[in-house]
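Novice: what would the 3D arrangement of this be:
(one chain, ligands or ions: 1)
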Amino acid sequence: MPIEFAKYQGLGNDFILIDNRHSSEPAITPEQAVDLCDRHFGIGADGAIFALPGQNGTDYTMRIFNSDGSEPEMCGNGIRCLAKFIADLESSEIHPPQPPQASGGIESKTEYRIHTGAGVIVTELRSDGQVKVDMGVPRLLAAEIPTTLAAPDAKVIDVPIEVADKSWSVTCVSMGNPHCITFVEDVSAVALETVGPQFENNKAFPQRTNTEFIQVVRSDYVKMRVWERGAGVTLACGTGACAAVVAGVLVGKCDRATAVELPGGVLEIEWAEVSGRIYMTGPAQLVFTGCISN
Ligand SMILES: N[C@@H](CCC[C@H](N)C(=O)O)C(=O)O
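Specialist: Predicted coordinates:
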């Protein structure tokens, strides 16, 4: 049966979005996602995201397959795209209108509570077109990352690791998904394609890891390049940008409100002192819609 999709991007981190409101099982398999994400033989994307029915009182559930078919717990740029997609679906902008509700017109929603593998995430569509996301509280214990770089109940802050014949000092943060952050002098000099996979598959990370390379320009402005678990080099990573600011605060290099410049653009990140929650603000845009025929 043909499956309608919409392609969205957030800072060049791009996704195939599928309206899965009718079922709690994704409409395509991880293997199909791998084919569809292929940039030469498919639609081309860093992942496939499904808008499933909500659970435990949430509005929707998000599931995502990386371009290698693995399923991460969360995706920051993806959830901004999902919020826009849901709003577009509800306002019938991208698919034919549903019959009108008996109760008459409904004000379009600007806030969604979304169930994810990292807990409930709240998105807010702002009037300037940006999407602000309450990304929850970062987890810092080694067992929560998970990593063997410290005792299970200890934090991993500025810990040495040998990767690609070099010693790196890393800080690890879970935003629901694992992140390993390292601060470098010049982010453009990092051989991402060589070093990234060696971090991702290092035995210190039993569930593999995303890796962020950070150059501090000022305490409130950093440059970042990322190697994503299951997707490789991408133009941006929302959970990675949040994890990078947390790491920056922990090692005394960043302010709690820091702008993160990625190859695809800038994300505004704030780690609130009192609540400990992280807020991420950035764009999400519809690129095109289409239909998968088989
Ligand atoms: N690009 C995403 C992260 C997607 C998941 C990641 N590849 C993983 O496997 O954890 C983001 O914007 O957060």
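Novice: which residues touch Q215?
Specialist: For Q215, the contact set (Cβ atoms under 8 Å, 6 or more residues apart in numbering) comprises F183, V184, E185, D186, V187, V222, K223, M224. To be clear about C-beta, it is placed using only N, CA and C from the backbone, and glycine gets the same treatment.
Novice: list only those of the residues you listed flagged as buried.
Specialist: Among those, the ones that count as buried by 16 or more other Cβ atoms under 10 Å are F183, V184, V187, V222, K223, M224.
Novice: so of these, which ones are in strands?
Specialist: Among the buried ones among the contacts of Q215, DSSP state E puts F183, V222, K223, M224 in strands.
Novice: which one is the first one nearest to, not counting chain neighbours?
Specialist: Counting by Cβ to Cβ, 6 or more residues apart in numbering, I214 is the residue found nearest to F183 once chain neighbours are left out, at 5.1 Å.
Novice: CA atoms only for the helix or strand encompassing R80, dumped as PDB, please.
Specialist: Here R80, judged by DSSP states H and E, is contained in helix 76-90. C-alpha atoms of helix 76-90 as PDB (Å, rounded to 0.1, in the frame of the first residue of the first chain):
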ATOM      1  CA  GLY A  76      16.400  16.800  19.100                       C
ATOM      2  CA  ASN A  77      16.300  18.200  15.500                       C
ATOM      3  CA  GLY A  78      13.900  15.400  14.700                       C
ATOM      4  CA  ILE A  79      11.400  16.300  17.500                       C
ATOM      5  CA  ARG A  80      11.300  19.900  16.200                       C
ATOM      6  CA  CYS A  81      10.500  18.600  12.700                       C
ATOM      7  CA  LEU A  82       7.900  16.200  14.200                       C
ATOM      8  CA  ALA A  83       6.200  19.100  16.000                       C
ATOM      9  CA  LYS A  84       6.000  21.100  12.800                       C
ATOM     10  CA  PHE A  85       4.800  18.000  10.900                       C
ATOM     11  CA  ILE A  86       2.000  17.300  13.500                       C
ATOM     12  CA  ALA A  87       0.900  21.000  13.300                       C
ATOM     13  CA  ASP A  88       0.900  20.800   9.500                       C
ATOM     14  CA  LEU A  89      -1.100  17.500   9.600                       C
ATOM     15  CA  GLU A  90      -3.600  18.900  12.100                       C
END
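Novice: and it, what's buried?
Specialist: Buried residues in helix 76-90 (16+ other Cβ under 10 Å): 76-89.
Novice: how about the strands of the stretch 1-150 of the chain, start to end?
Specialist: 3-10, 13-19, 47-53, 60-66, 111-116, 119-125, 131-134 (DSSP state E, counting those that start in this stretch).
Novice: spell out which parts of the protein neighbour the ligand.
Specialist: Residues of the chain lying close to the ligand (Cβ under 6 Å from any ligand atom) are 13, 66, 72, 75-78, 177, 210, 228-231, 234, 237-240.
Novice: and the nearest residue to A83 once chain neighbours are set aside, what pLDDT?
Specialist: Sequence neighbours aside, T123 is the residue nearest to A83 in space, at 3.8 Å (criterion: Cβ to Cβ, 6+ apart). Note on T123: pLDDT of 98.
Novice: next up, phi/psi of A191, please.
Specialist: phi -80, psi 80 (degrees, to the nearest 10).
Novice: check contacts around it.
Specialist: Going by Cβ under 8 Å, 6+ apart, A191 touches A164.
Novice: list the contacts for the spatially most central residue of the chain?
Specialist: With the centre of the chain defined as its mean C-alpha position, the nearest residue by Cα atoms, centre = their mean is C75, 2.4 Å away. Counting by Cβ under 8 Å, 6+ apart, C75 makes contact with F15, G47, I49, M62, I64, N177, G238, T239.
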